[in-house]
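Q: Sequence and predicted model, in that order:
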Amino acid sequence: MKPLKRRNPAFGLALCLGAALFIFGGDPGRGLPKPGPGDRQFPGGKLPAEYAPGEVLVKFKESAGAAVRASILESRGSRVVSRIGPLDVTVAGIKSGASVEETAALLRQDPTVEYAEPNYVYRIALTPNDKYFEYQYALSNRGQAIGWAPDSLLGTPGADIKATAAWEETQGKDGVIIGIIDTGVDLTHPDLRNKIIGSGRDFYDNDFDASDDHGHGTMVAGVAAAESDNDEGIAGVAWNCKILPVKVLSRFGAGYEDIIAQGIIWAVDNGASVLNLSWGGPEAGETLRLAVKYAYDKNVFVTAAAGNENTAVFYPAAFDDTTCAVAATDCNDQRTTWSNFGPEIDVAAPGEKIVTTFPVSLTDPKLPPYVMNAWGTSIASAHVAGLAALIKSVKPWLKPAEIRAIIRYSADDVNAGLYKGKDDFIGYGRINMERALVPLKVKK
Amino acid sequence: MTRRRVPAVLGAVVFGLVASAGAFGQSPEPDRQPRFKPGVFVEYFSRTIASDGDSAQTMLKTGFGGLRFETRISNGLSFGVLAGYGFSNANGLVFRDLPFSIDYEAGAAGGFLAGADVHNSFIRTKKYEIEGLARFVAYFGGKKQVGVTNLNLPGGVDARGTWMRVQAGPVLRYFGSEDLSPFISLFVDRLWGTYTVNETIFDLTGTEEKKISGKGWVRGSFGITYSPYAFFSLEAEVTALPYNKVAGGLNFDYGGSVVGIFSF
């Protein structure tokens, strides 16, 4: 056995810890990047960094004098890049090769440091460049004028479906197809033609040309999935998802149950994973019920308009087991006075004065080309169809009931002041794309 | 090298260390080496981890401590086991296969650790020793339940993480001072794990299991063993582990440990 040694154990401990600090601290100043004109690059590109490389922001406590501050930065191998005078915040360059997070964490440990953090990047939410996007309050409401007329109403900031934040997460996949079971879709529309699969199917005239001779189908198609960020027209909810036009309604905007049922089944059998049914009636047709159930059983999500009569929810929206029934709100997050109501309502979406696509051949030459302001739960339903397509894009395994639950539970209960929780007027609330799609921060 | 081969390679390294004991492990003072070495340890490391292939990364921050017991099997060859408790924090893991995607920021979860190591002294002179060391630690995290409060209906998630770390490589030790012996090491250092999250939002349920792996392969360390008494020594070590950043270039993860060792 070795003899006892006389050296103070504290001395050895100090040496051990000193060795550790040597590694963490490094040689002050060594390897620091030289400041220069190209030193800081503005974050850009598709996947910019979350914070500036090689920099931290440090705020010292007021009691720390200049010498102490310099010494602390130097001991971490950092240097002053600049100062934000009024805030007394120092922008510090970190040692070459050092991690920003680690350096900030080390600085935070110092009692004279109030905080130290990465120099975070903030950016505008993904905003498309479509010509009329500024009028699309439903997607992004900044309190702007609702419409292009000089006396247009102003919306309430935030009374929207939070589309821009959700588009950061996904803009949809082109393998997800939205069946527009309606009056057809303008196949030549500049904001839709690249989104349409083939020429669709016309069950009304029994051919394979689902051109729109009414306008309604083109309007809902645009809301759900107009070509976006293309310098033209409007932005759709589901940028990259495709449209399958199925004409089941005449040029007068009405159709028979059997034709509608055939259209639904055809859309399901031809790849649609979301169906938008922006029409309805007070009668619960059994054939219609079976057709909708056919879609549901094949894992196709079905959304339908509640109706615009301020009465009970129309069918097929009222097929509670299989369909997502959608009411309409306005630019102030108020339920519209004409939106149908009842216990079947699942959610609401904007449906008043919505700028959307309109058939080229039917456009009034005195109005902006190819677009139209639209009203109705039809339009509200199309917003939900777009959201469902985005959910399906990122989670293709989800069943219709699960997609409906996500849309319901993530909605904003905008009338909670009057009716807390689910109610007969807007269901669980106005849809919120951001909460439905963007990962929720889970904190203790 | 594929993931499946890594454990096999590390196993071979461990086997090599053990098998070569007789060939190289000729300590000049075999009889003076203690037979048993119980000890206590604390360790902290931060490790950049990749998930979803290599497309996402975050940092696993872990602090743990416990008891260690080492016994000499033969000249130069010793075997140790350890057990303890620690906290592991994988904040920033994003689970996108749940009905509602979540960005897990719920902080550290406590869990138990167990591990083993084997040392083999290859060469020992009066002033230097080169030994091989292989070490294995597994962490079994407890379940952490967190509420999801920003939806229309009540819900929550529970998360559980497990990981294992394997290290193997040479240690060069210098006995220049009577009671201080600095050392450096260069280890292959791999970490794998799984984080599982169960989500329940009213009637909506889902489970996602996410595989994680530590970035980087090799870590270097520097440490000092201080032996004020024959029956007690204190060892401190700091480590640095380089890894390739997604955006290119190198970055480093750091760690450190302190071990108190009694010798009998």
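A: Received, thanks. Since the structure is predicted, the reported quantities are computational estimates derived from the model, not experimental observations. Numbering: from 1, shown residues only, chains lettered A, B, ... in the order given.
Q: Setting aside sequence neighbours, what's the nearest residue to residue B:156?
A: residue B:147 (4.4 Å; Cβ to Cβ, 6 or more residues apart in numbering or on different chains). Every C-beta, even on glycine, is put in place using the N, C-alpha and C of the backbone.
Q: Got phi/psi on that neighbour?
A: phi -80, psi 150 (degrees, to the nearest 10).
Q: Surely it and residue B:155 touch.
A: Yes: using Cβ atoms under 8 Å, residue B:147 is in contact with residue B:155, at 7.3 Å.
Q: When those two are compared, which one has more neighbours?
A: Using other Cβ atoms under 10 Å in any protein chain shown as the criterion, residue B:147 and residue B:155 rank with residue B:155 on top: 21 against 13.
Q: In contact with that one, which residues?
A: By Cβ atoms under 8 Å, 6 or more residues apart in numbering or on different chains, the residues touching residue B:155 are A:409, B:100, B:147, B:148, B:199, B:200, B:201, B:202, B:204.
Q: Could you check how far the fourth one is from chain A?
A: In other words, residue B:148. 6 Å (Cβ to the nearest Cβ, to the nearest Å).
Q: which element is the spatially most central residue of chain B on?
A: Among the residues of chain B, residue B:165 comes closest to the average C-alpha position under Cα atoms, centre = their mean, at 4.6 Å. Secondary structure assignment for residue B:165, by DSSP states H and E: strand B:155-174.
Q: Could you list the paired strands of that strand along with their orientation?
A: With DSSP bridges as the test, strand B:155-174 is paired with strand B:128-141 (antiparallel), strand B:144-148 (antiparallel), strand B:180-201 (antiparallel).
Q: now the second one, how far from the chain's geometric center?
A: Between the centre of strand B:144-148 and the centre of its host chain there is 27 Å, according to Cα atoms, centre = their mean, to the nearest Å.
Q: what sits up against that strand?
A: By Cβ under 8 Å, 6+ apart, strand B:144-148 touches A:440, A:442-444, B:100, B:102, B:106, B:109, B:154-160, B:199, B:201.
Q: mind redoing it with 7 Å?
A: Strand B:144-148 has contacts (Cβ atoms under 7 Å, 6 or more residues apart in numbering or on different chains) with A:440, A:442, A:444, B:106, B:109, B:155, B:156, B:157, B:158, B:159, B:201.
Q: got the contact list for the last one?
A: When the contact criterion is Cβ under 7 Å, 6+ apart, the partners of residue B:201 are A:409, B:99, B:100, B:148, B:151, B:153, B:155.
Q: And the furthest pair within those residues?
A: Of all pairs drawn from the contacts of residue B:201, the widest gap by Cβ to Cβ lies between B:99 and B:153 and measures 12.1 Å.
Q: and the residue in the stretch 151-300 of chain A that chain B sits nearest to, what is it in contact with?
A: Minimum separation of the stretch 151-300 of chain A from chain B (Cβ to the nearest Cβ) falls at residue A:169, amounting to 7.9 Å. Neighbour list for residue A:169: A:437, A:438 [criterion: Cβ under 7 Å, 6+ apart].
Q: ok, residue 237 - contacts?
A: Going with chain A. Each residue near residue A:237 by Cβ under 7 Å, 6+ apart is listed here: A:163, A:223, A:224, A:225, A:383, A:386, A:387.
Q: My question was about chain B, not that one.
A: B:221, B:223, B:256, B:257.
Q: pLDDT below threshold where in the stretch 101-250 of chain B?
A: Scanning the stretch 101-250 of chain B for pLDDT under 70 picks out B:246-248.
Q: actually the stretch 151-300 of chain A, sorry about that
A: By pLDDT under 70, the stretch 151-300 of chain A has no low-scoring segment.
Q: Would you state the strands of it in chain order?
A: A:177-182, A:201-202, A:242-247, A:274-277 (DSSP state E, counting those that start in this stretch).
Q: Turn those into TSV, including distance to residue A:332 and mean neighbour count.
A: Converted to TSV, the strands of the stretch 151-300 of chain A look like this (distance: least, Cβ to Cβ, whole Å; neighbours: other Cβ atoms under 10 Å in any protein chain shown):
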stretch	distance to residue A:332	mean neighbour count
strand A:177-182	28	31
strand A:201-202	39	22
strand A:242-247	30	29
strand A:274-277	25	32
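Q: Would you convert the ones you listed into CSV that also reports distance to residue A:426?
A: Output for these, formatted as CSV (distance: least, Cβ to Cβ, whole Å):
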stretch, distance to residue A:426
strand A:177-182, 23
strand A:201-202, 34
strand A:242-247, 27
strand A:274-277, 19
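Q: re the thing from before, now the buried members of the contacts of residue A:237.
A: A:163, A:223, A:224, A:225, A:383, A:386, A:387 (16 or more other Cβ atoms under 10 Å in any protein chain shown).
Q: so what's the residue positioned nearest the centre of chain A closest to, chain neighbours aside?
A: Nearest residue to the geometric centre of chain A (Cα atoms, centre = their mean): residue A:166, 1.9 Å. Nearest non-adjacent residue to residue A:166, counting by Cβ to Cβ, 6+ apart: residue A:433, 3.6 Å away.
Q: Helices of the stretch 151-300 of chain A, residue ranges please.
A: A:163-169, A:216-225, A:257-269, A:286-297 (DSSP state H, counting those that start in this stretch).
Q: So which of those is the most surrounded?
A: Ranked by average neighbour count under the criterion mean count of other Cβ atoms under 10 Å in any protein chain shown, these are headed by helix A:216-225 at a mean of 32.
Q: roughly how far apart are residue B:75 and chain A?
A: Relative to chain A, and taking Cβ to the nearest Cβ, residue B:75 is found at 18 Å.
Q: List the residues that contact the residue nearest to the centre of chain A.
A: Going by Cβ under 7 Å, 6+ apart, residue A:166 touches A:390, A:433, A:434, A:437, A:438.
Q: which of the contacts of residue B:155 lies closest to residue B:114?
A: Among the contacts of residue B:155, residue B:199 lies closest to residue B:114 (Cβ to Cβ), at 29.3 Å.
Q: Look up which residues are beta-bridged to the closest one.
A: Assigned bridge partners for residue B:199, using DSSP bridges, are residue B:157, residue B:206.
Q: Which strand in chain A has the most residues?
A: Taking DSSP state E as the criterion, chain A has its longest strand at strand A:51-60.
Q: Buried residues in the helix or strand harbouring residue A:104, which are they?
A: Of the helices and strands defined by DSSP H and E, residue A:104 is found in helix A:100-108. With burial defined by 16+ other Cβ under 10 Å, the residues of helix A:100-108 counted as buried are A:100, A:101, A:102, A:103, A:104, A:106, A:107.
Q: what does stretch A:401-420 give?
A: A:401-415.
Q: Now go through those residues and say which are in helices.
A: A:401, A:402, A:403, A:404, A:405, A:406, A:407, A:408, A:409 (DSSP state H).
Q: Would you check which pair of the residues you listed lies furthest apart?
A: A:401 and A:409 (12.2 Å).
Q: farthest residue from the center of chain B?
A: Chain B, Cα atoms, centre = their mean, max distance from centroid: residue B:152 (41.6 Å).
Q: Quick check: residues of the stretch 301-444 of chain A near chain B?
A: Proximity of the stretch 301-444 of chain A to chain B, by Cβ under 7 Å from any Cβ of the partner chain, involves residues A:394, A:398, A:402, A:405-406, A:408-411, A:413, A:428-429, A:435, A:439-444.
Q: repeat for the stretch 101-250 of chain A
A: A:101, A:102.
Q: Name the spans of the stretch 1-150 of chain A whose pLDDT lies under the cut-off.
A: A:1-50, A:121-127.
Q: Let me see the ranges of the helices in it.
A: Listed in chain order, the helices found in the stretch 1-150 of chain A under DSSP H, counting those that start in this stretch are A:9-25, A:66-75, A:100-108.
Q: Likewise for the stretch 1-150 of chain B?
A: Remark: helices assigned in the stretch 1-150 of chain B by DSSP H, counting those that start in this stretch are B:5-19, B:21-24.
Q: Return the member of those helices having the minimum mean pLDDT.
A: Sorting the helices of the stretch 1-150 of chain B by mean pLDDT places helix B:21-24 lowest, at a mean of 41.
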